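Enquirer: I would like to see how this sequence folds:
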Amino acid sequence: MKALAIVSGGLDSVTLAHFLSYHKQLSGIVSFDYGQRHKKELRYAEAAAKRLKVPFFLIDLTSITKHLKGSSLTDDVDVPDGHYGSDNMKQTIVPNRNAIMMTVAFGIAAAQGFTAVAIAVHAGDHYIYPDCRPEFVELFERMEHKALEGMWDIKLLTPFVNILKVDIARHAEHLKVPLHETWSCYKGNDIHCGRCGTCVERLEAFALAGVSDAVMYEDADYWREECRKKGTYKG
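Expert: Predicted coordinates:
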């Protein structure tokens, strides 16, 4: 297996890269500039590629995504605070983002001789993001088999699709992922805000896993009350 991993620079995707490397399946990393306000995440993706000694592909999607208005990640809309499972997190959806990225990744994989594309979608994403759900993953792989039929046979790897962020945090600890070399916050400030959905989810995951996080937060306490309200944390 020669896998091309889609890596944003966040905890999930960097852990995925280390997971694939541990299993001797990682052959490349691809990242996407889609005009995200937290573009600094891309340098963490590149750092992962250098650390794991694989080629790094950076793809500019801004000519497409500038037309995908309304998301707080790419438009002049405030990134909401709160729990990842709250309805206001729908503001963070970039229409068809994963499908666009995965389609490009499959094209690169075919051209570069990779035999798989890997993405770090996980069960915690299912509520908000339809293009992270198992049904989507299955249908997308079938579509790509038809798109490449008779020319290339490329698999879609989603080893985290049925596990939660807390499990990924445990994987990260086991694999000795340098957590300070990951970026999760959607706001893209100097340090993690501690209040956006991804920060809240990350802080909760590490607490539930009993693993120490290595990044700094502007507000390292906000997440507890948010998660208690949702009934996901009782500490």
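
Enquirer: and the lengthiest helix in the chain, what does it pack onto?
Expert: Secondary structure of the chain per DSSP state H: the longest helix is helix 97-112. When contacts are defined as 3 or more Cβ pairs under 8 Å, 6 or more residues apart in numbering; DSSP states H and E, helix 97-112 packs onto strand 3-6, strand 26-33, strand 56-60, helix 62-65, strand 116-118, helix 134-147. Where you see a C-beta, it was placed from the backbone N, CA and C, and this is true even at glycine.

Enquirer: Tell me which of those is the most buried.
Expert: Greatest average neighbour count among these goes to strand 3-6 (a mean of 28), per mean count of other Cβ atoms under 10 Å.

Enquirer: these two touch, right, Ala118 and Lys2?
Expert: No. In this structure, Ala118 is not within contact of Lys2 by Cβ atoms under 8 Å, at 10.7 Å.

Enquirer: List the contacts of Gly231.
Expert: Contact analysis of Gly231 by Cβ atoms under 8 Å, 6 or more residues apart in numbering lists nothing.

Enquirer: Please report the distance of it from Glu204.
Expert: Distance, Gly231 to Glu204, using Cβ to Cβ, to the nearest Å: 12 Å.

Enquirer: What of Thr232?
Expert: Counting by Cβ to Cβ - Thr232 and Glu204 are separated by 7 Å.

Enquirer: Those two: which is more packed in?
Expert: Shown here are Thr232 and Glu204; by other Cβ atoms under 10 Å, Glu204 has more neighbours (25 against 18).

Enquirer: who touches both of Ala118 and Lys2?
Expert: Contacts common to Ala118 and Lys2, judged by Cβ under 8 Å, 6+ apart, are Gln25.

Enquirer: hmm, back to that, mean pLDDT added to the helices and strands packed on helix 97-112, as JSON lines?
Expert: JSON lines is the format used below for the helices and strands packed on helix 97-112 (pLDDT from 0 to 100):
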{"stretch": "strand 3-6", "mean pLDDT": "98"}
{"stretch": "strand 26-33", "mean pLDDT": "97"}
{"stretch": "strand 56-60", "mean pLDDT": "97"}
{"stretch": "helix 62-65", "mean pLDDT": "87"}
{"stretch": "strand 116-118", "mean pLDDT": "98"}
{"stretch": "helix 134-147", "mean pLDDT": "96"}
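
Enquirer: and the ones you listed as CSV, adding distance to Tyr217?
Expert: Formatted as CSV, these follow (distance: least, Cβ to Cβ, whole Å):
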stretch, distance to Tyr217
strand 3-6, 26
strand 26-33, 24
strand 56-60, 27
helix 62-65, 28
strand 116-118, 29
helix 134-147, 31
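
Enquirer: ok, His122 - contacts?
Expert: 12, 132, 160-161, 163-165, 167-168.

Enquirer: Quick one: buried ones out of those?
Expert: 12, 132, 160-161, 164-165, 167-168 (16 or more other Cβ atoms under 10 Å).

Enquirer: just those now: which is nearest Thr65?
Expert: Cys132 (17.7 Å; Cβ to Cβ).
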